[in-house]
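Peer 1: sequence and predicted structure are below.
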Amino acid sequence: MFSNCITCGAAVDKSESYCGKCHPKVNKKPLDEQAGGDHYKKYLIQPIEYCMVNKLNACQANIIKYATRYADKNGVEDLLKIKHYVDIILQLEYSINNPKEIEY
């Protein structure tokens with residue numbers, strides 16, 4: 001079912017009062033907007049899309065997120081966060097509590 005935009009009269013979904021032309025935010029999806037910056041806008045897909053499609057766990061998803069944005073947002077801080085999440089995986093999945101003890 002359709003109704004009309006109350007500003008211009010264009011056809012809109014019955015659940016909407018405004019069209020996207022008069023009010024662009026009406027047609028925006030959550031991935032169209034980003035809270036806290038625009039550091040993911042230049043990528044073909046956002047890290048969250050990749051992580052969800054590939055069913056990554058929280059640690060894996062955070063590693064992808066921070067690896068993607070470190071050069072555009074928090075630099076070394078984001079790289080240290082990656083290391084922290086790797087350390088969590090080592091502890092939880094491999095029972096390695098002190099990664100510094102690992103010989104390469």
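Peer 2: Structure received. Residues are numbered from 1 along each chain as shown.
Peer 1: contact partners of the helix or strand harbouring Asp87?
Peer 2: Assigned by DSSP states H and E, Asp87 belongs to helix 76-94. Here helix 76-94 makes contact (C-beta atoms under 8 Å, 6 or more residues apart in numbering) with 59-60, 62-63, 66-67, 69-70, 96-97, 99, 102. All C-beta atoms are positioned from the backbone trio N, CA, C, and that covers glycine.
Peer 1: give the helix, strand or coil label for Asp72.
Peer 2: coil (DSSP: H, G, I helix; E, B strand; the rest coil).
Peer 1: my read: it touches Gly36, true?
Peer 2: No: counting by C-beta atoms under 8 Å, Asp72 sits too far from Gly36 to count as a contact (11.9 Å).
Peer 1: which positions within the helix or strand of the chain with the lowest mean pLDDT qualify as buried?
Peer 2: Every helix and strand of the chain was ranked by mean pLDDT, DSSP states H and E. The lowest is strand 11-13, at a mean of 74. By neighbour count, with 16 or more other C-beta atoms under 10 Å as the criterion, the buried positions of strand 11-13 are Val12.
Peer 1: good, wrapping up.
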